[in-house]
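S.K.: Kindly return the folded structure for what I paste below:
(chains A and B, ligands or ions: 4)
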Amino acid sequence: MSEANTQAIARYKNNFLKEVEERVEDGQWVKMCMQCGVCAGSCPFGPHWEHSPQKIFMMIRAGKREEVLTSDSMWMCTSCYNCIVRCPRKLPITHIMHGLANYAHRLGLAPKGQPTRDIAVLFWKNVVKNGRVNEMTFSLAMYFRDGFGQGIKNAMAMKDIGLGMMKAKRLNPMEIFGGHTCKDKSGIQRMIAKAREIEDKRRRLA
Amino acid sequence: MADNKFAAYLCSGCGIGDILDVAKLERVAKVEGKMQIIKTHPFLCNEEGVKMIRDDIANEGVTHVCIAACSRRAKAEAFHFPTVALSRANLREGVIWAVAEGAEHDEVRQEMAEDYIRMSCAEIKKMTLPAGNVKESSSKKILVVGGGMSGMTAAQAAAEAGYEVVLVEKTGQLGGFANQMWKRMPFNMPYAEPQPTGAAELSAQITSNPRIKVYLNSTVAETAGAPGRFKVKIAAESGSVSEELCGAIVQASGFTTYPIEKLPELGGGQPNVVDQAGLEALARAANGGPIKRADGKEVKSVVFIQCAGQRDDSGTHLPYCSGHCCGTSIKQAIYFKDQNPDIDTVVMYQDLRVPGMGEDFYRSAQKKGVIFTKGKASKVTGGDTCTVEFKDLILDEDTATQADLVVLATGQVPNAGVNLDEWTATVTAAESGDEAAKTKKAELQKISVLNLNYRQGPDMPQLKYGFADSHFICFPYETRRTGIYAAGPMRRPMDMHQAQEDATGAALKAIQAVENAALGRAAHPRAWDLSFPKARLEGCTQCKRCTVECPFGAIDEDEKRFPVFNEERCRRCGTCMGACPVRVISFENYSCDTVGMQVKAVEVPDEDEEKPRILILACENDAYPALDMAGMQRHTYSAFVRVIPVRCLGSVNTIWITDALNSGYDGVMMMGCQKGENYQCHFVKGSEMAYYRLGKVGDTMKGMGLEPERMQTYEIAITDGARVAKLINDYVEQLNALGPSPMKGFG
Ligand code: SF4
Ligand code: SF4
Ligand code: SF4
Ligand code: SF4
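M.R.: Ligands and ions are numbered 1, 2, ... in the order given. Reported below is the predicted structural model:
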């Protein structure tokens, strides 16, 4: 992986485009973008991102590996699918954005402290651990990711919602001590490990 | 006129009889129009009505027919009587549909209809049946100048249609630019892969076609005559001269590439920078193997720079887009990718223009991994590896990339022959003894393609940027030299597919021309018109206005400077008739008299009646149809106007206007096609000539004590139905404010 990170970058050359094509989910579509800008204009978050999908795709072609993979843009995608619906070239833009985010994460280049990324990481870890989500531990981990003090503040701010959920039996405080698991926890974990192995092999990420 | 018999046929159908007093119209035709036969029919254009007219022609010896019904543009097939002179009074589109409904308009509406009857009867009196103009030595052979893809395609198309073809090629081989190409863009589904050019196959077919005679290493030394009888001298490099009699000419003299040396900033002149033609040469040399630079190094990375020296608004390079180069670069990028997908291939474009199915080809290149970068290159430098400095237009930053080879898309420069403006200036200077001009004239003569011995110069006029003039939208291929058609990139920049379609179109036009010439009738846009200009030369003052103003170079001069009409070159626009100050030029069915008599036939009410009269002279190609459209769409307009269709505003003789104003008309509206650079005039320069000429009428009017506002000119398009009605109504208001013409009562 570090080898991939330090790979020589040539501007406006095939290298990074090829890397994306091979290693990013749906990355083979990036070269088909015709730079019309429809996705950029359609994305509800467009104005709030550093780089629109259109720009990300152009940056990939321009060989801006570092800039693309450290960008927070992919993490800002809300999966609304507006861009996919409108892209005249039928690029699966949302999926590419997710693919890029995942790839950046795997390479350790994704922006640190990016909330969407943090949620995703915590969610993933939580799910893998027990084979299902533990709302209690997941939300607490979320609240306290920026330290104890901030965690208390976050918890206080959300307390009404928490109590409401408890009343409605959507949240069990006891879950904090271990809580539910699924039937074949280790089976799930093995399955995920296998899937990852296959993917890594296919995308040469191992 | 003893044998002439005049008949008027009125239609009371389509509501005409319900709205107008037809009995009164009949009386007008009889008493004032002096028609010998007058018949009204409730459905004149149906079989029975038409038969009635046909029977009268056959049995009663009717020679002149006036039909008072719908517009001359309607039912032209029903009212087609080729053996008699015909005029049409437009009562439907021009009166009952154009004037507002309601009893308060009854009187003026009826007056309008009566005037149209008077006008039609007056016109027909001055008309004779056009007899056509068949010349003895007519040839249907078609000359094609240029043996490239366009020329070969035109030759083959004409030959396949059964015509003899003479093909003249200046080099020793057919094929032209295609011979220098490795492959061409795809013309068919799936539009994905470059294809063999097919030049060799086509050339072999041409050579073995018994109907096509090929002259290689030859040029056209002289072209004399007119459609149907072009005498063409073909000079071979060896010095021998052959003569061919041809009926029409397709000029397909192609293009040259914009010189790469003119682009030093983009590396033009550096060994590792080539133009698209240069790349084709490298690809041909590689023959499917790795493409190598001139120094033998294999190209591992290549950058294509689009719009190199094109779409340039600084005035230094070509201002236009050559249309094919985006597609060509896509094709050439694929050469590299097909050979080795690892070659870095960047196409740097500002706007990727891939018309038609080029989009699929573009997609195919993307699939193969060609990188398309929206950017504007500013500088190419470097030795073994070129550095391309450019602005990335998406990422909005100045940046650079490197490549073993840079390919510049430099575009096409037409090879259309001598620029006639330059020619005229040079000849004028040479005639006044300027030695330098004489040398320059000889130089210019060398680049002439057709060497026409026309008074107007050796080639066809050029439009923008040196491309041969043709009407881009309405009449492609048609040039201002009748019977000579332009095809391929000398007409406008294009790719091979377009050039081949173009060539087929031009070949068909050439066939039309020879067939029309053989029947003595006009080429476009008055195709089938059998009339032609006739000049009473005994009255001619040798002023040369007709010669100069004819947009088509149809008029030469004899030694005594009298005009010599080449009728086969004539398009029947009537511009010469409008230009002639002594009015000696006319057509059998269209003359200063046929229109003049209509102008005079209108009853001009006295001042105190408060009914102004406005004459509208409307071009029959756009303005008159627009007026018909106004009627059809019920955009009503004032009943004070009287419309006379003219062939072109260029045919308007100022006498009509002064006559009208003299006889008390309150205003004149002239309606023609758009003139100038984006002209829509069917006769190219006709409407422009009219504006120029009419500019001078203002002075005459002042001399008569008339306000210049009493004459107005308008550019009208066929779609202007609503607008034209509004223009009329506004103008009537304007005239009301101005008050009646002071000339009333003096006429
Ligand atoms: S799916 Fe993502 S990238 Fe696409 S429009 Fe929605 S938020 Fe923007
Ligand atoms: S809409 Fe599609 S083709 Fe257009 S810029 Fe976005 S990804 Fe590219
Ligand atoms: S001006 Fe028009 S009508 Fe007259 S000779 Fe020329 S083309 Fe014919
Ligand atoms: S415009 Fe009339 S007068 Fe002048 S040269 Fe022509 S025909 Fe003669």
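S.K.: For chain B, what lies in contact range of chain A?
M.R.: Within chain B, the positions near chain A by Cβ under 8 Å from any Cβ of the partner chain are B:301, B:303, B:342, B:344, B:346, B:352, B:362-363, B:366-367, B:369, B:371-374, B:392, B:394-395, B:399-402. Using the backbone N, CA and C atoms, a C-beta is placed for each residue, glycine as well.
S.K.: try it again with 6 Å
M.R.: Residues of chain B lying near chain A by Cβ under 6 Å from any Cβ of the partner chain: B:344, B:346, B:366, B:371, B:374, B:394-395, B:401.
S.K.: quick one: which of those residues has the most company?
M.R.: Neighbour counts for the residues of chain B next to chain A (other Cβ atoms under 10 Å in any protein chain shown) peak at residue B:346, which has 27 neighbours.
S.K.: Could you point out the helix or strand that follows the host helix or strand of it?
M.R.: Secondary structure assignment for residue B:346, by DSSP states H and E: strand B:344-349. For strand B:344-349, the succeeding helix or strand toward the C-terminus, using DSSP H and E, is helix B:358-367.
S.K.: ok, residues contacting the next helix or strand after that following helix?
M.R.: Using DSSP H and E, the helix or strand that directly follows helix B:358-367 along the chain is strand B:371-381. Taking contacts as Cβ atoms under 6 Å, 6 or more residues apart in numbering or on different chains, the residues outside strand B:371-381 that touch it are A:35, A:61, B:265-267, B:273, B:305, B:346-348, B:350, B:386-394, B:406.
S.K.: quick one: which of those residues sit in helices?
M.R.: The members of these that map onto helices under DSSP state H are residue A:61.
S.K.: filter the contacts of strand B:371-381 to the buried ones?
M.R.: A:35, A:61, B:266-267, B:273, B:305, B:346-348, B:350, B:386-388, B:390, B:392-394, B:406 (16 or more other Cβ atoms under 10 Å in any protein chain shown).
S.K.: of the residues of chain B next to chain A, closest to residue B:30?
M.R.: Distances from residue B:30 to those, taken as Cβ to Cβ, are shortest for residue B:374 (75.7 Å).
S.K.: ok, that closest one to ligand 4 distance?
M.R.: Using Cβ to the nearest ligand atom, to the nearest Å, we find residue B:374 at a distance of 57 Å from ligand 4.
S.K.: Quickly note the distance from the nearest residue to that residue once chain neighbours are set aside to residue A:50.
M.R.: Leaving aside its sequence neighbours, residue B:374 sits nearest to residue B:393 (Cβ to Cβ, 6 or more residues apart in numbering or on different chains; 4.5 Å). Look at residue B:393 and residue A:50: by Cβ to Cβ, to the nearest Å, they are 18 Å apart.
S.K.: same check, this time on residue B:324
M.R.: 39 Å.
S.K.: same deal with residue B:486?
M.R.: Per Cβ to Cβ, residue B:486 is found 53 Å from residue A:50.
S.K.: Look at those two and report which has more neighbours.
M.R.: Ranked by neighbour count (other Cβ under 10 Å), residue B:486 and residue A:50 place residue B:486 first, with 30 against 11.
S.K.: For that one, name its beta-bridge partners.
M.R.: residue B:251 (DSSP bridges).
S.K.: Could you report the pLDDT at it?
M.R.: On the pLDDT scale, residue B:486 is placed at 96.
S.K.: Equivalent analysis for residue A:10, please.
M.R.: 55.
S.K.: One more: residue B:384?
M.R.: 87.
S.K.: How many residues are close by it?
M.R.: The burial count for residue B:384: 10, using other Cβ under 10 Å.
S.K.: doesn't residue B:192 fall inside a helix?
M.R.: No: secondary structure of residue B:192 (DSSP: H, G, I helix; E, B strand; the rest coil): coil, not part of a helix.
S.K.: ok now do it, which residues does it touch?
M.R.: residue B:364.
S.K.: Look up how far chain A lies from it.
M.R.: Noted for residue B:192: a distance of 14 Å to chain A, by Cβ to the nearest Cβ, to the nearest Å.
S.K.: Please tell me how far that residue sits from ligand 4.
M.R.: Residue B:192 is 60 Å from ligand 4, by Cβ to the nearest ligand atom.
S.K.: May I have the phi/psi pair for that residue?
M.R.: Main-chain torsions, residue B:192, degrees, to the nearest 10: phi -110, psi -30.
S.K.: Model confidence at it, what's the number?
M.R.: We have a pLDDT of 96 for residue B:192.
S.K.: Repeat that for residue B:129.
M.R.: Residue B:129 is given a pLDDT of 93.
S.K.: next one: phi and psi at the closest residue to it other than its chain neighbours?
M.R.: Ranked by Cβ to Cβ, 6+ apart and with sequence neighbours excluded, the top spatial neighbour of residue B:129 is residue B:85, at 4.8 Å. As for residue B:85, its main-chain torsions (degrees, to the nearest 10) stand at phi -80, psi 140.
S.K.: Residue B:85: what's it in contact with?
M.R.: Residue B:85 makes contact with B:64, B:127, B:129 under the criterion Cβ under 6 Å, 6+ apart.
S.K.: Try it again at 8 Å.
M.R.: B:63-65, B:124, B:127-129, B:588-589 (Cβ atoms under 8 Å, 6 or more residues apart in numbering or on different chains).
S.K.: same question, residue B:165
M.R.: Counting by Cβ under 8 Å, 6+ apart, residue B:165 touches B:141-144, B:155, B:158-159, B:209, B:211-213.
S.K.: Taking those residues, tell me the two that lie furthest apart.
M.R.: Using Cβ to Cβ for every pair in the contacts of residue B:165, the one that comes out farthest apart is B:143 and B:209, at 15.3 Å.
S.K.: For the two, indicate the residue with more neighbours.
M.R.: More crowded of residue B:143 and residue B:209, by other Cβ under 10 Å: residue B:143, with 31 against 16.
S.K.: so the residue nearest to residue B:374 makes contact with residue B:350?
M.R.: Yes: between residue B:393 and residue B:350 there is a contact at 7.0 Å, judged by Cβ atoms under 8 Å.
S.K.: residues in chain A within reach of chain B, list them.
M.R.: Looking at chain B, the residues of chain A close enough under Cβ under 8 Å from any Cβ are A:10-14, A:17-18, A:31-32, A:34-35, A:54-55, A:58-59, A:61-62, A:64, A:89.
S.K.: Narrow the residues you listed to those that are buried.
M.R.: A:11-14, A:17-18, A:31, A:34-35, A:54-55, A:58-59, A:61-62, A:64.
S.K.: Contacting ligand 2 as well, which ones from the residues you listed?
M.R.: Intersecting these with the contacts of ligand 2 gives A:34-35, A:54 (criterion: Cβ under 6 Å from any ligand atom).
S.K.: The nearest residue to residue B:269 once chain neighbours are set aside: neighbour count?
M.R.: Distance criterion Cβ to Cβ, 6+ apart; nearest residue to residue B:269, sequence neighbours excluded, is residue B:261 at 5.5 Å. The number of residues packed near residue B:261 is 9, by other Cβ under 10 Å.
S.K.: what's residue B:211 in contact with, if anything?
M.R.: B:159, B:162-165.
S.K.: To clarify, my last question referred to residue B:494.
M.R.: Residue B:494 neighbours (Cβ under 8 Å, 6+ apart): B:323-324, B:412, B:488, B:502.
S.K.: how about the residues you listed, which pair is most distant?
M.R.: It's B:412 and B:502 that sit farthest apart of those, by Cβ to Cβ, at 13.3 Å.
S.K.: Same question for residue B:44, what's its three-state structure.
M.R.: coil.
S.K.: Around residue 204, how many other residues sit close by?
M.R.: Going with chain A. Other residues within reach of residue A:204, judged by other Cβ under 10 Å, total 10.
S.K.: let's do chain B instead
M.R.: When neighbours are counted by other Cβ under 10 Å, residue B:204 comes out with 11.
S.K.: Residue B:627 versus residue B:718, what's the distance?
M.R.: Residue B:718 is 10 Å from residue B:627, by Cβ to Cβ.
S.K.: Show me which of those two is the more surrounded one.
M.R.: In this view residue B:718 and residue B:627 are compared by other Cβ under 10 Å, and residue B:627 has more residues nearby, 30 against 16.
S.K.: which residues in the stretch 201-350 of chain B form helices?
M.R.: B:276-286, B:325-339 (DSSP state H, counting those that start in this stretch).
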